[in-house]
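Participant: I'd like to go over a predicted model; first the sequence, then the structure.
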Amino acid sequence: MATGIRDKVVILGMGCSRFGERWDMEPADLMVEAFTECLADAGIEKKQVQAAWLATAIDSVNVGPSGVPLSVSLRLPFIPVTRVENYCASGTEAFRGAVYAVASGACDIALAVGCEKLKDTGYGGLPQRGRGVTNSMYWPNLSAPGAFAQLAAGYRGRHGVDKQDLKRAMAHVSVKSHRNGAKNPKAHLRSEVSMEKVLAAPMIAEPIGLFDCCGVSDGAAAAIVATPDVAAGLGKIDPVKVKALQLAVSNGSEAAHNSWDGAHLKTTRIAAGRAYEEAGIKDPRHDVSLTEVHDCFSITELITMEDLGLATEGRAVTDVLDGAFDATGRVPCQIDGGLKCFGHPIGASGLRMIYEVYLQLLGRAAERQLPKAHIGLTHNLGGFPHQNVSSVAILGRA
Amino acid sequence: MEVGITGCGAHIPRLRLERRRIVEANAWMSSGLKGYAQGARSMCNWDEDALTMAVEAGRRCLDATDRHAIRAVHVASTTLPFSDRQNATVIAEALNLPGSIATLDFGGSQRAATSALANALSVAAGGDSAILLIATEQRRTRTGTPEELLYGDGAAALTLGTKKVLARMLTAHSVSVDFVDHYRGQRDEFEYGWEERWVRDEGYLKIAPPAIRQALDKAGLEADGIRRFIFPSAARGVAEAVARKAGIVAEAVGDPLQADCGMTGVAHPLLLLAHAIETAAPGDRILVVGFGQGCDVLVFEATEAVRDTLRATTVNETLARRRAETNYDKFLTFKGLVEKDFGKRAEGDKQTALSAFYRNRNMLTGFVGGKCRSCGTVQFPRAHYCVNPECDALDSQDPQPMADTPGRVKTWTADSLTFTPDPPAYYGMIEFEGGGRLMLDFTDVEAESLDIGVPVRMQFRLREVDRERGFRKYFWKAVPGDGGV
């Protein structure tokens, strides 16, 4: 009988590059920046790393499609390095690979690095990507904001929410994240924005305006994971433990079967349900101290609050506007500024989220430190609302 | 055996460019254009061309016809997108007609459609098989010319056969004369023409009237018995002058649809013929002329079957489905006459893997999904495993054509970030009546009325143009607000 991942693996150390338009940086520079911090934090030597995973999603733009770029950048000692990609959940997938390797006993120290260099395309927004030979013959040229804008229409249709009320709640999501991100020296966007400014911003994909979109940045993040024994041997008292790692991948039913209402992420609900079970969490609203969720767009974060069970279905608009997910709210969300302020270097994002939860759980989040941080949840969502991958990770101490 | 026209269909693009916009922009260099400022001309949306218009006209025509009786698809045009890839075959596949039919492209002259009509009628007369004939045209004109103002884009379709004839053929007659009123060479973008007065006096008025008389004599018909006279010409007063010279009463000269459409080239004789039949009374004799390097003359007589008031009047309907376009620059851009910078997102490679296209062409051209034999779930695309989570049957799906299935908007957006030749890009999820859903591009969108729940009709449109390689990709798009018709 499978016993899951809970408490089998701990985080020895983490690192995160500054995110932003790093015009002067190669992917290798970003990876080294994150890894150097991570290695120092872990308190080990590079040669002690026995296996590594690299996450990068848009290899055509920069990093490259195999394990080689990581091994070369860090001059790893010919250890196994695997490159993974699973849309926007890629970073969490690298982490999952490293954690599973340690949990399996195949090795006792493993590295996960996520890196994406987006700002070499010459235009704003995510790089234009092909959908493959056949899909590109009939899929709309849907951009990321256009894909997620569908959620707003679906949500209005399902819950009868007024267009303006939804737009205001979406704006609140972004105002909140900007307020948090302004305090974070590693964030890309570090200024607060007003509700009025968000609401008056140019429309990108109806009803998603400019400030409903996360930034587009370069960045890298890294984690070194190990067995609890290794951590103890290094003198790490009460390290951050992996409580759950779950992934759910669409099988096409949302896209092609009328049973899906277009107002929620089926994958997120399934992954969250499994993760809560794996972590032994009965009441997420009470047990989860903070979340870092996939706020690629404000509407995504709003709906994710329902999918994670942190807001009642159909009630997220009210909860958001009431401040339930603000820094001082019931379950703070994106205390580091989120994708909204960090931008979304795709391969790095999952690990960047884990990095913030890790800091918060260890009480090392400086100005952003939350008073209560026992259990943290990270969430990624990649693809399109109607066809996607969703990952949920839960971390905690004790 | 009686042979004739058994069905009609038409498609005129929804966009109608106000002529005064063209005149305003060009009068500085050609003040003579001011006399053409009345009304509007039809113009293709960026995703329409002669091929897509043909499909839509064909669908409207087949709405009232037994598709299984169609044995051939003939397409007449001088502006079909492919010179060496049979356009009629693409159109037949988009119409989901069976593979065991004959297909043929006609071109080369402005009378291609009437020549094809005479030809198809003689073939149809010999058996019990029906022929679908579609004429379609999207001519490119130089900016600031009378042609730009007088021409329009459009398509018309007829079914021809011996059963349930709406208008029986009484006679057909052709003459060939190498009269070069205009021409367009193989490598030319635009036509080049000669003086209008010479064309009228030496061409129309000397070639057409004798041909008409010969046609009538051949069938023993009197000129004054013609109730509808169709003589498409962009030049004013020509139809009236030809009628007078041929002894046809002035009242027989019908509306040339110049006010809100314009002269649709090869398609125009068929468009006007369809219009005449759809509004004819039993016994009305209709004479249609196609002119170009000679002329074709065909005479029809409306039968009792035109009394069927349930029949669609597809020409009037497509004329009424209109939206005023006031932006001449947009017209020029869609026609490729000005080059806009659409940004780096427009730069992506648009190559088509022809092997993948071929194996998926039922889905892409025919809009054929699947229907599960086990649970009845309709789905798109057709897949090995049934998408119904309660079913999950393997290899259980029969092909399910969905182009004519009405749908509704489930979700949508107006995307200003992604590349489209007509921003913003509208797309969203469509749910089909009886099951099935799909994320699709929308087109001909009326932004004010678009929202969740709006009915849609599917239309065959251009999805992308690979200008580097001269290929055109087609797929089906949802037209919101067009669900009921």
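Facilitator: Received, thanks.
Participant: SS state for the residue nearest to B:K164 when sequence neighbours are not counted?
Facilitator: Nearest residue to B:K164, sequence neighbours excluded (Cβ to Cβ, 6 or more residues apart in numbering or on different chains): B:T6, at 5.4 Å. Just so you know, the C-beta spots here come from the backbone N, C-alpha and C atoms, and that holds for glycine as well. Secondary structure assignment for B:T6 (DSSP: H, G, I helix; E, B strand; the rest coil): strand.
Participant: okay, B:T6: pLDDT?
Facilitator: The model reports B:T6 with a pLDDT of 95.
Participant: and it, how close does it get to B:K163?
Facilitator: 7 Å (Cβ to Cβ, to the nearest Å).
Participant: repeat that for B:T420.
Facilitator: In terms of Cβ to Cβ, B:T420 sits 44 Å off from B:K163.
Participant: so which of these two has more stuff around it?
Facilitator: More crowded of B:T420 and B:K163, by other Cβ atoms under 10 Å in any protein chain shown: B:T420, with 21 against 13.
Participant: how about the secondary structure of the residue in the stretch 151-300 of chain B positioned nearest to chain A?
Facilitator: Closest approach between the stretch 151-300 of chain B and chain A, counting by Cβ to the nearest Cβ: B:A155, at 23.3 Å. At B:A155 the chain is in strand, as set by three-state DSSP.
Participant: enumerate every residue touching it.
Facilitator: Listed by Cβ atoms under 8 Å, 6 or more residues apart in numbering or on different chains, the contact partners of B:A155 are B:10-12, B:50, B:53-54, B:56-57, B:134-137, B:264, B:267, B:271.
Participant: bridge partners for it, pull those for me.
Facilitator: B:H11, B:T136 (DSSP bridges).
Participant: count of residues packed around residue 220?
Facilitator: Since you didn't name a chain, this refers to chain A. 38.
Participant: that's the other chain; I wanted chain B
Facilitator: 8.
Participant: that one and B:P282: what is the separation?
Facilitator: B:G220 is 20 Å from B:P282, where distance means Cβ to Cβ.
Participant: find the nearest non-adjacent residue to B:S176, please.
Facilitator: Among residues not flanking B:S176 along the chain, B:G294 sits closest, at 4.0 Å (Cβ to Cβ, 6+ apart).
Participant: surely that neighbour and B:H173 touch.
Facilitator: No: checked against Cβ atoms under 8 Å, the pair B:G294 and B:H173 is beyond contact range at 10.7 Å.
Participant: closest to A:N388 among the contacts of B:A155?
Facilitator: B:E56 (34.7 Å; Cβ to Cβ).
Participant: in three-state terms, label the closest one for me.
Facilitator: B:E56 - assigned by three-state DSSP - is helix.
Participant: could you do B:A215 as well?
Facilitator: Classified using three-state DSSP, B:A215 is helix.
Participant: what does B:T52 give?
Facilitator: helix.
Participant: neighbours of it, just the number please.
Facilitator: The burial count for B:T52: 29, using other Cβ under 10 Å.
Participant: check B:S122 too.
Facilitator: 13.
Participant: contact partners for it?
Facilitator: With Cβ under 8 Å, 6+ apart, B:S122 has these contacts: B:A172.
Participant: now do 10 Å
Facilitator: Neighbour list for B:S122: B:V3, B:L160, B:M169, B:A172 [criterion: Cβ atoms under 10 Å, 6 or more residues apart in numbering or on different chains].
Participant: what does B:G161 give?
Facilitator: B:2-7, B:65-66, B:69-71, B:120-121, B:124-125, B:127-132.
Participant: ok, of the contacts of B:A155, which come out buried?
Facilitator: Among these, those scoring as buried are B:10-12, B:50, B:53-54, B:56-57, B:134-137, B:264, B:267, B:271 (criterion: 16 or more other Cβ atoms under 10 Å in any protein chain shown).
Participant: just say helix, strand or coil for the spatially most central residue of chain A.
Facilitator: The centroid of chain A falls nearest to A:G350 when counting by Cα atoms, centre = their mean (3.5 Å). Judged by three-state DSSP, the three-state class of A:G350 is helix.
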